[in-house]
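**Student:** Requesting a structural model of the entry that follows:
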Amino acid sequence: MTTTVKGRKKRAAAQRVELGIKRVPRMSVCEEVAQQVMNLVANGDLKPGQRLPAERELCEQFGVGRSSLREALRCLSIMGVLDARVGNGTSVAKDGSKFLSKVCEWRLLSEQDDLENLMETRIALEGATAANVAAIGTPEQIQVLGELIDAMAAETDNGKRFGALDIQFHLKLAEASGNKLLLDLITILRNQLAQGLRRVLLLPHALPLSHKEHVAIFKAIKQRDSVAARGKMQAHLQAALTRYRTERLGRNENSSSIR
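**Tutor:** As a prediction, the model looks like this:
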């Protein structure tokens, strides 16, 4: 055995100890590999941006064939856990928002009631963003929010344009909160809720009511009242949830009458 081969085996053994990889049983090989990699990311043994060992080393450590390993890594790349680039190898994704987005998409596809669950989650998250902006938002950031409020006032008879401004307001608010994780989560939730919220804006008086609620949020932020900003945001989102439930109930009743 050459010195080069011995050295490679020593490096592989050291990597195995460092990452704590276990040999994979022959049942559900791809799933087991994917689960182990997920666990290594979750417990911090593999960090965002860190490159994985070479395929040959991983195959030896897991005790699996190259095709099984590649399938597992490919699935994790699709999910957004890993970032695979030609010529650069495979590394842990630096931005976990893609993975979170995929999870939310799957939940919405698999469970109809999750739209309401996501809206309820927004109540907690965006209450925090409004409070943060009232406390630490810059004058320039607050001015941008005010300009969006004014633009919304001019579009209370146009659901499409009002909806676009509504989204901008909430995203700008999240950006100004100074919490990147909150921004990622709110962006994901807004994307998943977009279709349901468009239907809500078609309800009678929904646009003027929504604008009035946004004005109340903005006033609390401008006054640097974090408690009031949180409360006004949560009241607005609770009202939006109530309007959504009303709209859904109407659709269900119409569907029943058609039958």
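
**Student:** Buried ones in stretch 202-219, by neighbour count?
**Tutor:** For stretch 202-219, a neighbour-count test (16 or more other Cβ atoms under 10 Å) marks 203, 206-207, 209-211, 213-218 as buried. The C-beta positions use only the backbone N, C-alpha and C, and glycine is treated the same way.

**Student:** That should have said stretch 81-98, apologies.
**Tutor:** Buried-residue list, stretch 81-98, by 16+ other Cβ under 10 Å: 81-84, 90-93, 97-98.

**Student:** For it, measure first residue to last.
**Tutor:** 8 Å (Cα to Cα, to the nearest Å).

**Student:** starting at the chain centroid, how far to that stretch?
**Tutor:** 17 Å (Cα atoms, centre = their mean, to the nearest Å).

**Student:** so who does I221 touch?
**Tutor:** Contact partners of I221, counting by Cβ atoms under 8 Å, 6 or more residues apart in numbering, are 130, 133-134, 137, 142, 145, 229.

**Student:** Any stretches of this protein with poor pLDDT?
**Tutor:** Filtered on pLDDT under 70, the chain yields the residue ranges 1-20, 24-27, 97, 100-101, 104-114, 192, 195-196, 250-259.

**Student:** Any buried residues in the top helix by length along it, and which?
**Tutor:** Ranked by residue count under DSSP state H, the longest helix found in the chain is helix 226-258. By neighbour count on 16+ other Cβ under 10 Å, the buried set for helix 226-258 is 226, 228-234, 236-237, 240-241, 243-244, 247-248.

**Student:** Out of the buried residues of stretch 202-219, list just those in helices.
**Tutor:** Using DSSP H, these in helices are 206-207, 209-211, 213-218.

**Student:** of all these, which comes closest to K22?
**Tutor:** Distances from K22 to those, taken as Cβ to Cβ, are shortest for I217 (51.0 Å).

**Student:** Do I have it right that that closest one meets S226?
**Tutor:** No - the criterion here is Cβ atoms under 8 Å, and I217 misses it with S226 at 11.9 Å.

**Student:** Overlap of the contact sets of the two?
**Tutor:** A130.

**Student:** From the contact counts, what lies against the helix or strand hosting D184?
**Tutor:** In the assignment (DSSP states H and E), D184 maps to helix 180-200. If you count contacts as 3 or more Cβ pairs under 8 Å, 6 or more residues apart in numbering; DSSP states H and E, helix 180-200 packs onto helix 97-110, helix 114-136, helix 159-176, helix 226-258.
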